[in-house]
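Q: Quick one: sequence and predicted model below, then my questions.
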Amino acid sequence: MSSRRSRSRQQSGVSSNITDEQITDLVSKLQQLIPEIRNRRSNKVSASKVLQETCNYIRSLHREVDDLSDRLSDLLATTDTDSAQAAIIRSLLM
Amino acid sequence: MISKGATWNSNSCRIKFARRFVSALLHMRNRNTRPGSLTIEGVRTHTQRIKIAAYLSMAQAVGSRRAWSRAVLSKHGSRARRHSRMGRSSVGLKKTRVIRSYPPGELGQAKKLRQLVPGGKTMDMCSLLEETAHYIKCLATQVKVMQTLADNFSK
């Protein structure tokens, strides 16, 4: 992992003004947002692992949106206006 | 009750998204009173429209402050009100300009991430990571609001 990083630093040194430090900083911030890694309580998570888990997490969120859209489409079609309005008011108060 | 753990940013984001999404749903509901909407094709289209409304509402709530929300808005914005009834939404959404070589990134896994985050293909590594963080926060909020709605509807 570190050898790959030093190699890329030599190759792309011309165009990138971004320091490694900035990247590791951002990666650690990202790490805090992903529940998988946050709950594992291990301090040493490699950057590639963080990116991998980020991709998985985003994909799972997309899947949840799909499922919820499906549910909402069923529910919208079958509830009458009064219950729909009551449901919406309840959700907005939460 | 507003949860104590949420920061001010995520709360206003949540409320803005909820209001837009709900009004989009009600608007859709008023249009869909025809009996034809109960066919299999009609239901699938309905689901697609709700999904697009969700992503669009979130991007609108965020506004143009973020690159990812700008990408979503430009992808869906002009078609939001003119969505075709056939439900073939994939036809019109392909960009005509294809970016083959994206800026060099430090890690190879960034490629998959670029495909998942809207607008990620043209960002440099730093922006990609920042945008991803914000995108994840907003997506999680979106899911929570949709979940709350769905739970309350089925009570």
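A: Alright, I've got the coordinates.
Q: Tell me who's in contact with the nearest residue to A:K49 once chain neighbours are set aside.
A: Once flanking residues are discounted, A:K49 sits nearest to A:I37: 7.7 Å by Cβ to Cβ, 6 or more residues apart in numbering or on different chains. Using the backbone N, CA and C atoms, a C-beta is placed for each residue, glycine as well. Residues near A:I37 by Cβ atoms under 8 Å, 6 or more residues apart in numbering or on different chains: A:Q31, A:V45, A:K49, A:V50, A:E53.
Q: and if you look at B:Q115?
A: B:K121.
Q: circling back to that earlier point, could you check the pLDDT of the residue nearest to A:K49?
A: In this model, A:I37 is scored at 76, pLDDT.
Q: By mean pLDDT, which helix or strand of the chain comes out lowest?
A: This is for chain A. Using mean pLDDT, DSSP states H and E, the weakest-scoring helix or strand in chain A turns out to be helix A:2-11, at a mean of 48.
Q: that answer is for a different chain, and I need it for chain B
A: Bottom-ranked secondary element of chain B by mean pLDDT, DSSP H and E: helix B:89-92, a mean of 51.
Q: Any buried residues in the next helix or strand after it, and which?
A: From helix B:89-92 onward toward the C-terminus, using DSSP states H and E, the following helix or strand is helix B:110-116. Going by neighbour count (16 or more other Cβ atoms under 10 Å in any protein chain shown), the buried part of helix B:110-116 is B:A110, B:K112, B:L113, B:R114, B:L116.
Q: Using PDB, write out the CA atom coordinates for helix B:110-116.
A: Listed next in PDB are the C-alpha coordinates belonging to helix B:110-116 (Å, rounded to 0.1, in the frame of the first residue of the first chain):
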ATOM      1  CA  ALA B 110     -11.900   5.600  -6.700                       C
ATOM      2  CA  LYS B 111     -13.100   4.500 -10.100                       C
ATOM      3  CA  LYS B 112     -16.100   2.600  -8.700                       C
ATOM      4  CA  LEU B 113     -16.800   5.500  -6.400                       C
ATOM      5  CA  ARG B 114     -16.800   7.900  -9.300                       C
ATOM      6  CA  GLN B 115     -19.500   5.900 -10.900                       C
ATOM      7  CA  LEU B 116     -21.700   5.900  -7.800                       C
END
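Q: where does chain B dip in pLDDT?
A: Under the criterion pLDDT under 70, the flagged ranges of chain B are B:1-10, B:32-38, B:77-108, B:155.
Q: if we go to 90?
A: Per-residue confidence for chain B (pLDDT under 90) gives these ranges: B:1-50, B:53, B:61-64, B:74-113, B:119-129, B:148-155.
Q: all strands for it, in order.
A: Taking DSSP state E, chain B contains no strands at all.
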